[in-house]
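Undergrad: Here is a sequence with its predicted model. Questions after.
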Amino acid sequence: IVGTEENEQEAIDELIASLPISEGLVRPVHHLYQNFWCPITMLPNVIAFQRHFKAKDKDIVLISHPKSGTTWLKALLFSVVNRSRFDISNTPLLTSNPHEVIPFIEHKPWLDLDGLAEPRLLATHIPYLSLPESIKWSNCQIIYICRNPLDTMVSSWYFLVEATRLMDKPVWSLEEHFETFCQGEILFGPFWEHMLGYWKESLERPSKVLFLKYEDLKEDIGGQLKKLAEFVGLPFTEEEEEGGVIEEIAKMCSLKTLKDLEVNRSGKLFGRTIEKRSLFRKGEVGDWANHLTPVMVDRLNSIMQEKINPFGLQF
Ligand code: A3P
């Protein structure tokens, strides 16, 4: 992905200049690119990624809609895949944020992907239809996490408040954010397109796409860890199960453990736009009930009923 040619860069600039721009959203400006809203800070990387990324068969790509449990799943996936290299006493998660051990490709055009250990663990928020063809058609695997949009909405509002505060911009009200969320004009939105793209693919190709829900991880982390390990071809052995490896991973990756680690308590990420500590908030299912009015709940529920439920995806 590094070093696109100058004329290619010009073509990308021209393409971006021709795209619709969102009016209402908080800065940075978002462009409507291939039917999803992409911030201008990431769009050139997204396009370069689409054009140049070559998936390897052993790659594992973690994909989510923002605020659906990405940080948690990065920690879990890293721990499962690398458990023969590191145990809990020397896991890199003690000294690095989960986003540093599994990078977002759209954040890092300079990333030396060839230098990453195999299997390469990579992450993105790009919708299914816009993924590089080599991800769709090689034997690499996709793990997708989604979350009840009511909770995702609230979580993304808190996150946005933190981000705008850091940028010294006026803070958006929950009502304003709710409106843009319902219209789909959010980072990598609309959320229904995002979820459905991966949901449909997981039904058609279950060995290619594992579709996880934040709520299921909260309810049965052990069961979901086993599913994850089996999916990536590294099932837990009886010995590991009896030795408590699953519980150890769950505990290491819990909100409480990660939140309290020195490495996650201070410092910034993503080009210094995000405080690490703002990645770890409450981590509860149903926190929406503390924030949304009955009218808001009805509105979002009816969007879900219309857009998502007909495809068999429920929350
Ligand atoms: P809340 O804002 O509801 O607390 P993402 O990682 O995709 O940005 O998602 C962020 C949400 O996941 C936040 O939800 C955050 O608190 C929660 N979260 C982060 N780490 C977690 C963990 N280890 N376990 C459970 N939830 C976690």
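TA: Great, that's in hand. What you see is a predicted model, and the numbers here were worked out from it, not measured in a lab. Residues are numbered from 1 along each chain as shown.
Undergrad: buried residues in the helix or strand harbouring M195?
TA: Following DSSP states H and E, one finds M195 within helix 191-204. Across helix 191-204, burial judged by 16 or more other C-beta atoms under 10 Å covers 191-202. No exception for glycine: its C-beta is placed from N, CA and C like everyone else's.
Undergrad: number of nearby residues for P66?
TA: 17 (other C-beta atoms under 10 Å).
Undergrad: got it, and S79?
TA: 26.
Undergrad: Identify the residue nearest it in space, chain neighbours excluded?
TA: Distances taken as C-beta to C-beta, 6 or more residues apart in numbering put I249 closest to S79, at 4.5 Å, once the chain neighbours are dropped.
Undergrad: any idea of the angle the lengthiest helix in the chain forms with helix 191-204?
TA: The longest helix of the chain (DSSP state H) is helix 149-166. Following axes from the mean of the first three to the mean of the last three C-alpha atoms, to 10 degrees, one obtains 130 degrees for the angle between helix 149-166 and helix 191-204.
Undergrad: for E215, phi and psi?
TA: E215 adopts backbone torsions of phi -60, psi -40, taken as degrees, to the nearest 10.
Undergrad: Thought R147 was touching it, still the case?
TA: Yes: in this structure, E215 is within contact of R147 by C-beta atoms under 8 Å, at 7.0 Å.
Undergrad: which of those two has more neighbours?
TA: Per other C-beta under 10 Å, whichever of E215 and R147 has more neighbours is R147, with 25 against 16.
Undergrad: Any figure for the gap between that one and L313?
TA: Applying C-beta to C-beta, to the nearest Å, the value for R147 to L313 is 12 Å.
Undergrad: Do me a favour and get the end-to-end distance for stretch 48-64?
TA: Start-to-end span of stretch 48-64 (C-alpha to C-alpha, to the nearest Å) is 20 Å.
Undergrad: Give the buried residues for that stretch.
TA: 48-50, 52-53, 55, 59-64.
Undergrad: How about stretch 164-173?
TA: For stretch 164-173, using 16+ other C-beta under 10 Å, the buried residues are W172.
Undergrad: can you pull up the bridge partners for the residue sitting nearest the centre point of the chain?
TA: The chain has S64 as the residue nearest its centroid, 3.3 Å off, counting by C-alpha atoms, centre = their mean. Applying DSSP bridges to S64 yields these beta-bridge partners: I145.
Undergrad: got a list of what it touches?
TA: Contact partners of S64, counting by C-beta atoms under 8 Å, 6 or more residues apart in numbering, are 70, 73, 123, 125, 144-146.
Undergrad: Is it possible to get a markdown table of the residues you listed that adds pLDDT and distance to the ligand?
TA: Listed next are these as a markdown table, based on pLDDT from 0 to 100; distance: C-beta to the nearest ligand atom, whole Å:
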| residue | pLDDT | distance to the ligand |
| --- | --- | --- |
| T70 | 98 | 3 |
| L73 | 98 | 8 |
| A123 | 96 | 10 |
| H125 | 96 | 9 |
| Y144 | 98 | 12 |
| I145 | 98 | 8 |
| C146 | 97 | 10 |
